[in-house]
Structures are given as structure tokens and as C-alpha cells.
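Q: no letters, just coordinates:
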């Protein structure tokens, strides 16, 4: 079982490396987003609400599913994330997920982080 | 009578005059056009194989009697599998040309799969910020060049023999518009025609024609009409549209037929874009030389559902003395036109499950009993779903059986409309105006099917159901075969007359691209792009959670007889 887990992790790493390699080889690497801090508490209801609106208008049905339910991209409901990790992933993207740093200002990205963090205790219902 | 037309006399005369009157380089251009129009059965020289978009290979060496003896001849892997392999390969004189994700272009010996050259463009980092990436659906070949539109808004012409860049042009300001090229160009005479993505963006989408020799712009057509009656307020500035897939061409009429994308925002909360929103979700007939609009028909006036006309092959079909055009709209309805003037001849549904209208008038094309999602924040049940009654994959028309082999999806959705302000700075943001989630139809499970139908009347001869609605294109052949790959990674050959399965092969990843057939040195091959990926695939797990784990992939499988 342990061997299987290691194999899966290695395969995932290799695939990730392949994608990164293609991005690098074809000159598409984005400069990493500058580290920022959230300008509001991440449990601020207004920020969560605005993040939800931004999330649903970003065509999430095609990507993470409505309100972070199941899709081809990672499911977001019921998961606990580090806010800095979420910010970096949204800002920098990861193929085929777009990088949002050139489209959204940091404050808007943090609202998305706030919304996704609010889904940590959500169920699939 | 439905057959590939020989070169018209006028075209022939023009070609002859050009040959006599212009230097050798331009003479080569004429030869390129002639090469595309000559129906060499061994070749698959353009996206839909021929200007009539039949996707039919007349080859018959592989047929119903021997297809069970198919075996793998070779496999080529492009090494880029994000979003799978969506393209349709071309074969010209024994060389296969195809494009994969990240605009990787390959030229291969079509008999052995040996690489002759490859071209990996250095793409602008803006590509990583786009919604429509990193897939591409095809290249075009002509005038000694291989053409494609890039993810970062350029158009490339590569030397057909070496793969070296002959010219490249930055056509779109992708950093600003977030738009790009993902569909295959069409070479028409001395021009390369292609359309851009735009339907989900607050921009004005266009169809472009470049001079094949130099890349200079020949003409452009704005799919957003400058008309305050059609676009209330300033909504036209953000109207979307575009023409993201590949059109057809009628050499006799010198008309290009090109379907356009949906208006933006996709959903209208009431007042988002007052008017009928021309020329979105429309079929256009454009003069091939000038891009002048000869006629148009808006299949979905004021599109409320993202049922655009940008997808779908346009069959150029002659029947009973009529010059027809048969076009699949994303709504699941098929529009049949008189292609000389755009008058509706028939409209019929490929799908059984729809409630966005009660029906569409088969005599006028009018939408009867519209049912738009309008109420902000309140989910509304709509059929078919946003992926359509059919997606952008193509059917195939066999002029021998006179049947159109086409796929369909019986899936619904719940749409929630949300007001949205168009974002254009610092770059265009997605402009959907709502969200949606897939739902099963009332009283049953969602599913898909592959049908054999009369393309004009819609009469069905046979049908095969699939649990997972298929999104791969179809091939039909002179050997009486229908070839089609499913979402689970199985490609099958069917008897075109009966639908009986005659052969199958598991490629290991689902099918989104276009299978083709060709011959090299007297030997027939069937090429099947395999590799699951697609934006619409993200919609499936809401109904079928296991699809989340269906493996991605990207490989060109080529089969021949043992």
C-alpha cells in the first residue's frame, strides 16, 4: 500500500513536472505574484459574499463546479487550505487553470480566497 | 445529387489567366487552390476534408468485410496532454500534419509515423491567463504552407516542407481582449480565413482573412453589427460573438459560410443587451474575396442560453435541384438553408429533450415559446445544457448512403443568472452573467447518442445510445464505415447502413478530436486522435462523478489492415 502511495505521488509529481516543463520550454512561465496579505479578515461576511459572486461569474460550472462541488478541476468544498497557498494558486494559475493575477487586483483574489475558505465545512448535499 | 463539384469554369478560367499573367510565386498559389479543390481520395487536405464539410473519405480498401482485421500501424504522442487532443489531423501526399495543446505542430510520414519536423512556438505568458487554452483544433495546408492560429492571437504560416516560419502576424491583442484562436483556418483561393474566440468576453469578435503569401490582412468581418436597434445602449461594445470554429466554402457561388459565437454576457438578466444582437448566433454567407456580407440568418435571436452558431459543420449539399446548406446549431436544432439566399428550407431537432423553446418553426426558423432564464439569483431548469444538444465536434455525411452521422446530448441544466459588470481593464474578464450546473432530464437519466439521419428531413435510420454523451467527431468512408470514439476511450467502426458495431479498440483515453482516413502508397489508414480534455468535460462530474477521474491523454493512433 505504501509503495502504491509513493508511486501515485511520484507519478503526480512527474505529470506536474511535465506540464511545468512544457510551460517553461514554450516560454509561458508567469512571473510569480508578489506576496500580499489579506486586506480584510478572511471570515468577513461581505468579503465572502463578494468572493462568491466573483467565483460564480468565472464560469465555475466548467471548472470547479457550482459552489466548489465536483468537477474535473479540484473539488473545493469540505477542504481546508492555507490561505497563502490559495492566493498563489489563483494568482499564478496551474495549467489549464488560468492565472488571474493580470485580470484581478489582489483584493479581488483575496475575496476569492475568503469564499473558498468559507467552503471548508460545506458538504456536498 | 450530392457530390464533390469539379472546379467551376470561372474559377478554372481565372486560374488559367493567373498562370499566364503572374510570376511563378503566384502561379504556385493557384496550384495550391487547385490542390485543395481536386478530390484526391488519398488525402484529407482540410479540417472537414472538403469544402462541403462532409468529413467523408471515399476510400474503400478498409470496408465492412475486413474492418475486423484492423491493427495499429503506428502511434505518435505530442507530449502535451493538458486538455487532451482536440484536433483533426490533415494528410497531404503522404504527410500528416497535426496540432496539439500549446500549439505544438507536427509533420509525420503518414505511413510510418516518423517525424519529419515539429514546431513548438514560444508562446506569450498571457496564454496562462486565458479561459480558452491550451488546446487547438486544427491546421490548414495550402500554398506550400501550414497555417494555424495561436493561443496568443498570432497567425503562423510554416514552410510545409521544413516547418520553418514563413511568416507570423499578431492579429489579436490577446493581452487586452483575452481572446485568441483555437479553431482550424480555412484556405480559400489566395487567403487564409479564421475566426476568433469572443462569445464569453466583453469584446467584439471578428472573422479574419489574411493573404496566404504574406499574412497581410485581406479583410475582417465584425460579428457585432453597428446598429442601436440590435444592441441597446453601449451593449454592442461588449457583445462577444466571434467565429471560433471552421466554416465551409462554395466555389461556384464564391461564398464562405461561417457560424458565429454567442453574445456576451451569455445570460441576460433583462436589459443586459437589448435587441436581437446581430450578428451573434448567426449563419453568415460572406464573399470570399471581400468579406462582404451576402446574406445572414440569426438562428438564435437575442441568444439567452449560449446556443451559438459558431460550432457545427455547414454541409454544402445539393438535392432535388436545390443548393442547400445544413447547419447544426448548439441548441440541438439543425437549420437547412437555401445557400444562395439564406431562406429557411427546414428546421429539425437532433435531440429529444429541450424546453428552451416549445419548438422552432420549420418554415421560418422562428423560435416559438421562448423560455429564457432571466430571474436573478433564482435557478431555472433549462434543456439542453450549456454544452449544447451537440458540442463543436462534427458529424459526417456519406454521399453514398445519403446519411448524416451525427452525435447528440440529452442533458439539462440549472441556470442561475447574476448581474455582472463587463470588465475590460486591465484585460477583458469572462462575461457570463450567471452560472449553471448539469441536471438529468425530467423522468430519466441524461445520455448521448450517435444517429444516422437524413440531413434535410431529420428522418432517423438508426441510433446508438451512450451513457456519457460523446464529444468526438465522426468519420464516414466509401467502405461503408462510420468511425467514432467515445468518452471512455473506445473507438468503434460501425456498419453505416445498420449501425452494427464491426470493430473496436481501446485507446486508453477518451475522444474529443476528429478521426480521418487517407492512403499512402496504395494502403488505406484510419487515424484516430485520442486524449480526453475539453472545457465542457468539467460539466460532466456533476452528473457522473466518476468522469472526474477519467484519464487525460494525447496520442495519435493510426490503424491499417493486418
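A: That came in fine, so what should we check first? Since we're looking at a predicted model, the values are computed, not measured.

Q: and residue B:146, what does it touch?
A: Applying Cβ atoms under 8 Å, 6 or more residues apart in numbering or on different chains to residue B:146 gives the contacts B:97, B:105, B:107, B:139, B:140, B:157, B:158, B:159, B:160, B:163. (C-beta placed from N, C-alpha, C; glycine too.)

Q: helices of the stretch 1-150 of chain B, start to end?
A: When assigned using DSSP state H, counting those that start in this stretch, the helices of the stretch 1-150 of chain B occupy the ranges B:9-21, B:24-37.

Q: residue B:43 - nearest residue in space that isn't next to it in sequence?
A: Leaving aside its sequence neighbours, residue B:43 sits nearest to residue B:92 (Cβ to Cβ, 6 or more residues apart in numbering or on different chains; 5.3 Å).

Q: which residues does that neighbour contact?
A: Residues near residue B:92 by Cβ under 8 Å, 6+ apart: B:35, B:43, B:44, B:45, B:141, B:160.

Q: at 6 Å instead, please
A: Residues in contact with residue B:92, defined by Cβ atoms under 6 Å, 6 or more residues apart in numbering or on different chains, are B:43, B:45, B:141.

Q: sec struct for residue A:86, please.
A: When classified by DSSP: H, G, I helix; E, B strand; the rest coil, residue A:86 comes out as helix.

Q: enumerate every residue touching it.
A: Shown in contact with residue A:86 (Cβ under 6 Å, 6+ apart): A:113, A:116.

Q: around chain A, pick out the residues from chain B.
A: Along chain B, the residues adjacent to chain A under the rule Cβ under 6 Å from any Cβ of the partner chain are B:80, B:82-83, B:102, B:120, B:122-123, B:125, B:127-130, B:418, B:420, B:427, B:429-430, B:432, B:435-437, B:535, B:537-539, B:541-542, B:545, B:548.

Q: pLDDT weak spots in the chain?
A: All of this refers to chain A. When residues are selected by pLDDT under 70, those of chain A lie in A:1-25, A:27-32, A:34-35, A:59, A:124-125.

Q: wrong chain, I was asking about chain B
A: Within chain B, the segments meeting pLDDT under 70 span B:1-35, B:37-38.

Q: can you tell me the centre-most residue of it?
A: By Cα atoms, centre = their mean, chain B has its centre lying nearest to residue B:245, at 4.3 Å.

Q: that one touches residue B:312, doesn't it?
A: No: judged on Cβ atoms under 6 Å, residue B:245 makes no contact with residue B:312 at a distance of 7.2 Å.

Q: just to revisit the earlier point, what sits against the residue nearest to the residue nearest to the centre of chain B when sequence neighbours are not counted?
A: The shortest distance from residue B:245 to any non-neighbouring residue, by Cβ to Cβ, 6+ apart, is to residue B:183 (4.6 Å). Residues near residue B:183 by Cβ under 6 Å, 6+ apart: B:137, B:244, B:245, B:246.

Q: what lies in contact with stretch B:291-304?
A: So stretch B:291-304 is contacted by B:209, B:219, B:221, B:255, B:262-263, B:268, B:276-277, B:279, B:281-285, B:287, B:307, B:309, B:329, B:335, B:341-342, B:372 (Cβ under 6 Å, 6+ apart).

Q: wait, a helix at the residue nearest to the centre of chain B?
A: No: Residue B:245 is assigned coil when assessed by three-state DSSP, not a helix.

Q: who's in contact with it?
A: In this structure, residue B:245 makes contact with B:183, B:310, B:311, B:392, judged by Cβ under 6 Å, 6+ apart.

Q: so where do the helices sit in chain A?
A: Remark: helices assigned in chain A by DSSP state H are A:2-25, A:45-56, A:83-92, A:106-118.

Q: residue B:554: which of the contacts of residue B:92 is nearest?
A: Nearest to residue B:554, judged by Cβ to Cβ, of these is residue B:141 at 21.2 Å.

Q: tell me how chain A divides into domains.
A: Chain A breaks down by automatic domain parsing into domains covering A:1-30, A:32-118.

Q: among these, show me which one is buried the most.
A: Sort these by mean neighbour count, taking mean count of other Cβ atoms under 10 Å in any protein chain shown, and domain A:32-118 sits at the top with a mean of 19.

Q: can you tell me which of the contacts of residue B:183 comes closest to residue B:52?
A: Nearest to residue B:52 among the contacts of residue B:183: residue B:246, at 12.6 Å, using Cβ to Cβ.
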